[in-house]
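[1] Predicted coordinates and the sequence they were generated for:
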Amino acid sequence: MDEKKMRKAHHSYDTKSEMIKRMNRIEGQIRGIARMIDEDVYCDDILHQFMSVESAITGVKTQLLEAHMKSCVIHQIQDGQTEVIDELSRTIRKMIK
């Protein structure tokens, strides 16, 4: 099996639980937007909801990136897998595009 597929995250239960709660709220917001579109809600109101979802997603991504650096990256560096720095750099570059 490919090494990347075998890797696991090292996040605490609390961190995972918080991210899942946030994702569930985002999922509800997305369903709400679909309902708004179906109900012909005024476009500007829907666009504001999209901005809210994008902001919420950015928050979860930021939380995950921070948790990744504090756990996964540290563990890999401690195990001598310094290539994780290049991987992290590529990910951050993609995130800020």
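    Arrived safely, thanks for sending.

[2] Every contact and neighbour count from this point should use C-alpha atoms.
    OK.

[3] buried stuff in the host helix or strand of residue 58?
    Taking DSSP states H and E as the definition, residue 58 sits inside helix 43-68. Residues 46, 49, 53, 56, 60, 64-65, 67-68 are the ones in helix 43-68 that count as buried (16 or more other C-alpha atoms under 10 Å).

[4] would TSV of these with pLDDT and distance to residue 35 be doable?
    Output for the buried residues of helix 43-68, formatted as TSV (pLDDT from 0 to 100; distance: C-alpha to C-alpha, whole Å):
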residue	pLDDT	distance to residue 35
46	98	10
49	98	12
53	98	15
56	97	19
60	96	24
64	96	29
65	96	31
67	94	34
68	94	34
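
[5] And the pLDDT at residue 3?
    On pLDDT, residue 3 comes in at 55.

[6] Over to the one 5 residues further on?
    For residue 8, the model assigns a pLDDT of 84.

[7] next one: phi and psi at it?
    phi -130, psi 150 (degrees, to the nearest 10).

[8] how far away is it from residue 43?
    42 Å (C-alpha to C-alpha, to the nearest Å).

[9] Dump the C-alpha coordinates for stretch 63-80 into PDB.
    C-alpha atoms of stretch 63-80 as PDB (Å, rounded to 0.1, in the frame of the first residue of the first chain):
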ATOM      1  CA  GLN A  63      -7.600  25.000  12.800                       C
ATOM      2  CA  LEU A  64      -6.600  21.900  10.900                       C
ATOM      3  CA  LEU A  65      -3.400  23.400   9.600                       C
ATOM      4  CA  GLU A  66      -2.400  24.500  13.100                       C
ATOM      5  CA  ALA A  67      -3.200  21.000  14.600                       C
ATOM      6  CA  HIS A  68      -1.300  19.400  11.700                       C
ATOM      7  CA  MET A  69       1.800  21.500  12.500                       C
ATOM      8  CA  LYS A  70       1.600  20.800  16.200                       C
ATOM      9  CA  SER A  71       1.100  17.100  15.900                       C
ATOM     10  CA  CYS A  72       1.600  15.400  12.500                       C
ATOM     11  CA  VAL A  73       4.500  17.500  11.400                       C
ATOM     12  CA  ILE A  74       6.300  17.400  14.800                       C
ATOM     13  CA  HIS A  75       5.900  13.600  14.900                       C
ATOM     14  CA  GLN A  76       7.300  13.200  11.400                       C
ATOM     15  CA  ILE A  77      10.300  15.500  12.100                       C
ATOM     16  CA  GLN A  78      11.000  13.600  15.300                       C
ATOM     17  CA  ASP A  79      11.000  10.400  13.300                       C
ATOM     18  CA  GLY A  80      13.600  12.000  10.900                       C
END
